[in-house]
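Q: Pasting a predicted model and its sequence here:
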Amino acid sequence: MTRWSPGRFAWRSAVGHRRGQTVVLLAVSALITACTTFAPVYDRAMQQALVDTLLAGVGTEGRTVTVESAALSFARGATEARDPRELQDMVPAELSATLDPFVLGRTAVVTPVTGAVPPSGRLVWRDGACEHVRVLAGTCPDAPGEIMVSEADADTFDLSPGATTTVASESDGPEVPLEVVGTYAPADDSWWQGLDLVGHSLVSRAADPSAAHDAWLTAEETFVRSPVLPAETAQAAAVVPTPETGVEEVLRLGDGVRQLNRDLRGEGQDLHVRTDLGDLADDVRGQASQAHRTVPLLMAPMAVLTLFVLWLVLSAATRQRRGEVAVARLRGRGPVGASALLLVELLPVLLAGVVPGVALALAGGGLARSLLPGEAPFEAGPGFATAVVLSVLAIVLTALAATARVAREPLDDLVRSGPTPSRRWTLGAPDAVLVAVAGTGAVAFVAGGLSGSFALAGPALLALFVGLVAGHVAAPVASTVGRRLLDRGRLVAGLGLLETGRRRDTRAVITVITVACALAVFSLDALAVGARNRANAAEHDAGAPVVLQLGGGDLDGVRAALADADPGGRRATPVVVAGGTTLAVEPDGFRRIAFFPRGAPSAAEWRAIAPPAAAPVRLAGSRISIDVASGPELTSQDVLGSASELRLNLVVTTATGVRRTIQLGEVPEAGRRATLAGREPACADGCLLAALELSAAQGVQVVGDLDLSGLRVDGTPVALGTSAEDWNPTDDDHTAISPAVTASGALRLVMSIRGFYPAHVTPAWVPLSVAAVLPAGRDPLGLVVTALDGGDRAAHAAGDVVLVPSLPRRSALVDLDAISRGAEVTVDSSSEVWMVDDPALLSTVEAALRDRGIGITGVRRSSEARQAYADSVATWSLALGAVVGPAVLLVSLLVLLVLAATGWRAIARNLAILRLNGARRRTTTRLGVLAQLPSLLLAVAAGVAAGTAGAAVAMPDVSFLPEPPSTPVLDTATAWPAVLWAAAACAVVLPTVAAVASWVVARRAHLERVKEVV
């Protein structure tokens, strides 16, 4: 007889006798390994994709490391910038090795000294520039003073080859002559490292005319032999190569450029490093830390769930081997020997499952890397080997615990099938500890005692606690109800509930299904809430589908251009942002185009911010006169009591939004009349009266009446106002002016001015206080908003919204017409066009703006903002919800199928006994199908409730965006469609599979089963 071999015994048992069980053990072991090892693989894939995305997003300029030296100006002259070759030598060799070859250059800002509106722009030299442009006419500059210009400059400023111009130098130095020797067009944008050569050539027709030219290319000798030019710099710049740069390289580059910048500060104040790599490295670190929280905490419950499934499978497998353990114990092997006998058979199968689990994790990582953006190669990532060891350790420990549990049972329990579960709710020591731990964690989670990463584990703890309690309550309750139903003659229902109460696996099934359904609900809810919040953030950041940022303050020109491009005003609307906190809009078009992701103003609130209905006083002419009659008691005295003059002016706004003051003259003495006149050529094209201005020396006290009438423009009478309601009273701490109308129709000003000038009286057309819609939480008391000239403007609240599009928390939404009446648009405000995303409309609007000399300085799109949020670790981490949800459902199905496969003989035998006692086959089939449904439906309901409650509590701690938002864009309310879909899937799929499996078992309940020993 051959000697007994443990390996041969394990092989024969696994392959020859229990093939189905072997497959299940392999599958569960592989699942545990895959869940554990997939986390570092996916984490690495996300980091690589993030680096590729960020490097592509910042463009060539953002991933360029530039060492720059700036020329410095002093009272006695200026110092030149350093030689670019010297700058290149300052870069450490280890840093240079990770960059592309350096490009040397010099740059200045030059402006011709002649011309009505001389253009300003860059004068550029780059080493080897002629190889990266197309020479359209003439030659490339190679001598001092030679330049090459763009075609647009040649046409706009008459700078064709052969033309000459002279530019100013720094600190009143000698002028520098330049000669045009050719024209060019860009040919290789990436080589220029983000420098925009063309697209700047423009002459602005605004009130303050200006002009800009494209980059003028020249030879290095122009900088070397000429005096220091304005804003002159020298550069040595190199680009980070994108395909070869990974996570570690970016982090090292970020640290390296920061250290280089610190080192250069000590060598001179003219030196500094320009790059976005430091911020990019910080972004990578920040988002990587998000992944280190989210990915493990989404995958860890999945791994624990599969580990619990392994425990169930091993419990079933060891229960089938109780006879073998009993024989081994009877032969004197002892508990340790009996446990070793089980391990010899089970452990090799479990360890063999580690290999396909690792392969599955790597395959999943490869698939994820192919779906994620970027071109970095696939890597397993740091921590992968540790994850494999942890999975092996968990599998081995679970196997040891399961086998030791059976091997240590008393012999009299091993030789029989085991005790029937008690009808009472009793807890063993292990169950009590587990319920206590899960309950403590669940209570702390619901009470808000968990935060950060621990809060993300809260839903799993809550689901586990609910599942444990439901499982321990279900068995005795089902048994009690089943007996009462039997007493009433309800055979199928009563026996079904009794079967639920007496099965060993009822508690385990309820616990597993509860946790699985809760995880499915939580993961899919987080996925849907994340998508909603990314859309909210993108819409808030952009404000509208397309936003054109404009140069200059020609508001009337913008309106005229939009009237030509979009006559109905339904697809494009002008917007002015004042001081970065006040959004001035035209409500009719804005409410159709702008995004309000968390609620828009109501129709009543839109009506409330409308400007007054009064008509403006229009002045169309250059000579303005007005009759002034001083009241008999009018006094104007300085602090010494001496008479002092009081002057009257008109404040007007021109068609281009410029505010001007028309000097009329001195107010006549008390009791006298006079006609005051002034000239303003800008009003020849039409002005609007913004205010009557009274001016005097500071400290002069004015008390009395002043009657105004007979307003004429170029000799034509103009109505000044027919009632007191046509003018706003002025009432503050220092000035009180009340308008009234005399019997003769003159405007009377009743004045009390206490020494602060100028004092204004505004027509009713100009609102005293601007109505504003405020973001939620802003205090309306003492409200002021930023006016179009950058100053403060009194305002009052007319409504509130959660978010004002594209603006921060302390902002306001006002009517553009209301806030622009009588106001001047200055550089403190920026004009924009908000429009729908239509390429044809965009081209039309751009052409209309260009025809009026209005330049476009930037374009903002909601689609780009949405894509930026989509290409982030926060999004990719939550995308695991699309995997975890179906995966836990599959694990639940695996549990049901494993339990059906391991216990079908006992169930079939019980049903056969019922048939032997007279039950019809139809009755036993119904009983077999319905027996497991109550516990399943209870578990699904408990899991959906626990998952929904856990998601509601934990969702505020989930990272939905790359960085915490500064505005309340996040809406963490439950995504009910996703929850209902998850609940429906669990409530349909799990009972259906269980019913089909039970039907198959019931069909095998032949009478011969009664003789089988289970």
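A: Cool, got the structure. Computed from a predicted structure; not experimentally measured.
Q: quick one, helices of the stretch 101-250 of the chain?
A: Counting by DSSP state H, counting those that start in this stretch, the stretch 101-250 of the chain has helices at residues 151-156, 220-225, 247-265.
Q: give me the low-pLDDT residue ranges for the stretch 501-650 of the chain?
A: For the stretch 501-650 of the chain, the stretches with pLDDT under 70 are 501-502, 504.
Q: where does the protein have its least confident helix or strand?
A: In the chain, no helix or strand scores lower on mean pLDDT, DSSP states H and E than helix 6-11, which sits at a mean of 56.
Q: and after that helix, which helix or strand comes next?
A: Counting by DSSP states H and E, the next helix or strand C-terminal to helix 6-11 is helix 19-62.
Q: Show the secondary-structure elements that that next one is packed against.
A: With contacts defined as 3 or more Cβ pairs under 8 Å, 6 or more residues apart in numbering; DSSP states H and E, the packing partners of helix 19-62 are helix 247-265, helix 277-320, helix 334-352, helix 354-371, helix 384-407, helix 873-878, helix 881-916. C-betas here are computed from N, CA, C, even on glycine.
Q: now these as JSON lines including mean neighbour count, mean pLDDT and distance to Asp142?
A: Below are the helices and strands packed on helix 19-62 laid out as JSON lines (neighbours: other Cβ atoms under 10 Å; pLDDT from 0 to 100; distance: least, Cβ to Cβ, whole Å):
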{"stretch": "helix 247-265", "mean neighbour count": "17", "mean pLDDT": "87", "distance to Asp142": "32"}
{"stretch": "helix 277-320", "mean neighbour count": "20", "mean pLDDT": "79", "distance to Asp142": "34"}
{"stretch": "helix 334-352", "mean neighbour count": "19", "mean pLDDT": "79", "distance to Asp142": "74"}
{"stretch": "helix 354-371", "mean neighbour count": "18", "mean pLDDT": "90", "distance to Asp142": "49"}
{"stretch": "helix 384-407", "mean neighbour count": "18", "mean pLDDT": "87", "distance to Asp142": "57"}
{"stretch": "helix 873-878", "mean neighbour count": "24", "mean pLDDT": "88", "distance to Asp142": "50"}
{"stretch": "helix 881-916", "mean neighbour count": "20", "mean pLDDT": "77", "distance to Asp142": "60"}
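Q: Distance to Ala187 for these - can I get that in TSV?
A: Listed next are the helices and strands packed on helix 19-62 as TSV, based on distance: least, Cβ to Cβ, whole Å:
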stretch	distance to Ala187
helix 247-265	28
helix 277-320	27
helix 334-352	61
helix 354-371	34
helix 384-407	45
helix 873-878	37
helix 881-916	45
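Q: Kindly state which of those is positioned closest to Gly678.
A: helix 277-320 (54.8 Å; Cβ to Cβ).
Q: What helices and strands are in contact with that closest one?
A: Packed next to helix 277-320, using 3+ Cβ pairs under 8 Å, 6+ apart, are helix 19-62, helix 247-265, helix 334-352, helix 384-407, helix 453-487, helix 506-542, helix 873-878, helix 881-916.
Q: Identify the residues contacting the nearest residue to Thr111 once chain neighbours are set aside.
A: Nearest non-adjacent residue to Thr111, counting by Cβ to Cβ, 6 or more residues apart in numbering: Ser120, 4.3 Å away. Listed by Cβ atoms under 8 Å, 6 or more residues apart in numbering, the contact partners of Ser120 are Val109, Val110, Thr111, Ser210, Ala211, Ala212, His213.
Q: Among those residues, the buried ones, what's the PyMOL command?
A: Here is the PyMOL command that selects the buried residues among the contacts of Ser120 (16 or more other Cβ atoms under 10 Å):
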select buried, resi 110+111+210+211+212+213
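Q: separation between Ala973 and Arg809?
A: Distance, Ala973 to Arg809, using Cβ to Cβ, to the nearest Å: 20 Å.
Q: more crowded one of these two?
A: Arg809 (15 against 10; other Cβ atoms under 10 Å).
Q: ok, the more buried one to Thr967 distance?
A: 6 Å.
Q: joint contacts of the two?
A: Joint contacts of Arg809 and Thr967 (Cβ under 8 Å, 6+ apart) are Pro775.
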